[in-house]
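Visitor: Below are the sequence and a predicted model for it; my questions follow.
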Amino acid sequence: MRGEDRIRPLSNPALEARAVTDGTRTLMVVRERAVGRASLLRSTAPVRVDTAVYERALKECQDWPLQSIWIEAGPDGLCLTTGLGGVCPLYLAHSGGRLAGSWQLMDLRAHQAPDRLDEKEVTRLLTGTTRYGHDTLFTSIERLSERSTAYADAEGLRMVYPAAAEHAQPSELSEGTDGPALVGALEALVDHIHSHRPLVPAQTAAQLSGGKDSTSLSLSLALTHPGAITPCALLIGGEAGPQQETRRRMVIDHADFADDVTVPAANHPPLAPGGLRRARPEAISPLDEPHLEAADALAQALMARGITTVVTGFGGDEVARVRRPDGGPVRTPTAPTWCGERVRDLLGEVNTGISPATVAPETALVALEVATPLLARRGMWTVAPFTDPDLVRFGQRLPIEWKRDKRLLTERFAQRRLPDAVVHPVLRENFGHLMNRSIHAYASGLLRGWGKDLHLIDQGYLDADVLTKTVERAALSPDETAPYRTGLFLITSIELALRAL
C-alpha cells in the first residue's frame, strides 16, 4: 500500500495474500491455499529478495494449481494475470492514470454511467446470449477473464486473451472397465480435488438443491467428513416443492450431514419492495443472481452457522455434454419482439470479441459470475469442483453413452443405493413460478410507472410500444408472464441499476 493505493483481499481462510519485491518490481498475489504446496511467498508485506528468487516466485504463481490472481508492479506500470480464475470475477476500470478493481461490479460505479453501455453486451443480455470474456455492461469496465492478462500504465488499460484451451473428445473405455470401476474413478477424482484445499469441515457448506451435480458433490463431502458438512439450499416451493424437500431429505438421511440450512425462496421474492434490488440498487449488479434476495438470506443463515466455504455443483453439465471436434456452428441469436433496431443490427456481433475456449465450461464460468459475488459480500468463498481441469477433462473423455442423461452420476447413485425418487424426479424443479409471480406483482408495476422513460428505450435497445404491450400482458396474471419473465426481469434489473448511478 502506498498513499491511497491499496489492495484489500477477501478475508477468508480459504485464501492467502502474499507479496515479494526485488527492489524494482513488486509481486502481489491473492490465491486459494493449496494443501502440501510449499511456497516461496510467505509474507503479506513485500519481502526483499534477489532477482533469481523473484523469478522463481513469479513462476510459482504461474504454476499454482488452484484459483489465483497475481499483480506485478514495476516502472512501466501494472500487469494483472489470473490463472485458472473465473470462480469470482475481477472487474477493472482505468481513469486518470489510476486502476481500480473489484469482485463487485457496482463497486466501480464511479466509472459507470447510462451513456457508457457496451452495446454488444446489452444485446447479449437482451437476447439471452450471454458470452464470457472481457466485455461488461459498461465500456469503461473490463472483466479479467480466466487466464487473461491486463496491462495498465499512465496511458490506459490493455486486455489480452490467452491461447484457446485444448479440449478432449469422448473416448472408449479400456478393456475390462465397467460401470462400478468408472464410478470408482469419478469418486476418487472428486475426493482428490477436494483434498487439494484445506477445507475445515465444520465451516464448509455444500449446496444440495436436489440436482444430480450438487447431490454428487455433497455426497462425496459427507462421506469424507461424516457429520460435519452443512447441506444448504433455497426451497423452491410451489407444485414441485414437496418433491424437492422429500428428495433432499432422502439424501441427507442416506449420508451423515450436519444440520440442514434452508431458506424458502418465496419468502424473499425477486424485485420485492424492501428487497436488495429495490432498497440498494446502487450496490446490486444486473448480473447478480436473479433470486438475489433469497440467495442472500441463505448466505446470512450460513454466516450465522460460521460457514466460510460453499461447495457448488456448477459445471456438472460437462459430464453430459458432447463436443463436436470443430466446435460446431456458431449460433446467431434471435431478438425478442420488444428489442429495438439497435439490437437487431448487432445480432451478428454477439459472438465476436469473446474469450477463446476456456478450461472450465463457459456456462459454468458465467453461472459462477452470477452467484459468487453475493457470497463474497458475506465473506464466503465458493468452490466449484466441476471446473477443476482434471474433472473437466474426465467429463470430456467420457464415452457418449455414459454422458446421456448423466448416466454416470445416475449409476453412482444406484451403487450408493439412493432411492429412485432421488435419481428420477417426476416433476421439474425450478424457480420459474416464483419469477412469474415477481414479474407480475413487481416488475410490471415498475415498468408501467417508468413508461417510455427508460434508458434502454432512449438508446434504441427497446421498442417502447411493443414493450408496453408486453408489460400489460404480464400485468394480467403470473401465468401470462411465463414467456417474457427472463427478458422483463433483465430489463427491470438493468434499469434499476442505471437509475441509481
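Guide: Arrived safely, thanks for sending.
Visitor: What does the pLDDT read for the spatially most central residue of the chain?
Guide: By C-alpha atoms, centre = their mean, the chain has its centre lying nearest to residue 368, at 0.8 Å. The model reports residue 368 with a pLDDT of 90.
Visitor: Quick check: which element contains it?
Guide: helix 362-377 (DSSP states H and E).
Visitor: Contacts for the helix or strand that that helix is followed by next, please.
Guide: Proceeding N to C from helix 362-377, the next assigned helix or strand is strand 381-383, under DSSP H and E. Applying C-beta atoms under 8 Å, 6 or more residues apart in numbering, the contact partners of strand 381-383 are 10, 12, 14-15, 32, 87-88, 197, 199, 308-312, 368, 371-372, 375-376. Any C-beta I mention is one placed from the backbone N, CA and C, and that applies to glycine too.
Visitor: contacting residues for residue 493?
Guide: 271, 277, 284, 286, 290.
Visitor: how about the closest residue to the third one other than its chain neighbours, phi and psi?
Guide: In other words, residue 284. Distances taken as C-beta to C-beta, 6 or more residues apart in numbering put residue 277 closest to residue 284, at 5.1 Å, once the chain neighbours are dropped. Residue 277 adopts backbone torsions of phi -60, psi -30, taken as degrees, to the nearest 10.
Visitor: who does the helix holding residue 368 touch, helix- and strand-wise?
Guide: helix 292-305, strand 381-383 (3 or more C-beta pairs under 8 Å, 6 or more residues apart in numbering; DSSP states H and E).
Visitor: and the next helix or strand after the first one, average pLDDT?
Guide: The helix or strand immediately downstream of helix 292-305 is strand 309-311, counting by DSSP H and E. Strand 309-311 shows an average pLDDT of 97 in the prediction.
Visitor: how about strand 309-311: buried residues?
Guide: For strand 309-311, burial by neighbour count (16 or more other C-beta atoms under 10 Å) applies to 309-311.
Visitor: What is the burial count for residue 242?
Guide: 12 (other C-beta atoms under 10 Å).
Visitor: Name the helix or strand for it, please.
Guide: Judged by DSSP H and E, residue 242 forms part of helix 241-254.
Visitor: now do residue 393
Guide: helix 389-397.
Visitor: buried ones in the helix or strand following that helix?
Guide: Next helix or strand after helix 389-397 toward the C-terminus (DSSP H and E): helix 400-403. Buried positions in helix 400-403, judged by neighbour count with 16+ other C-beta under 10 Å: 402-403.
Visitor: shift numbering so it begins at 667
Guide: I'll keep to 667 as the first residue from here, and by that count the last item is helix 1066-1069.
Visitor: Beyond helix 1066-1069, next helix or strand please.
Guide: Using DSSP H and E, the first helix or strand after helix 1066-1069 is helix 1073-1081.
Visitor: Now do that following helix: which elements does it pack against?
Guide: helix 845-861, helix 878-890, helix 1086-1089.
Visitor: what mean pLDDT does whichever helix or strand comes after the second one have?
Guide: Elements were assigned by DSSP H and E; along the chain past helix 878-890, the next helix or strand is strand 896-901. If you average the pLDDT over strand 896-901, you get 98.
Visitor: Can you name the residues that contact residue 974?
Guide: Here residue 974 is in contact with 678-680, 866, 869-870, 1045-1047 (C-beta under 8 Å, 6+ apart).
Visitor: Repeat that for residue 812.
Guide: Applying C-beta under 8 Å, 6+ apart, the residues near residue 812 are 748-752, 828, 1021, 1024-1026, 1031.
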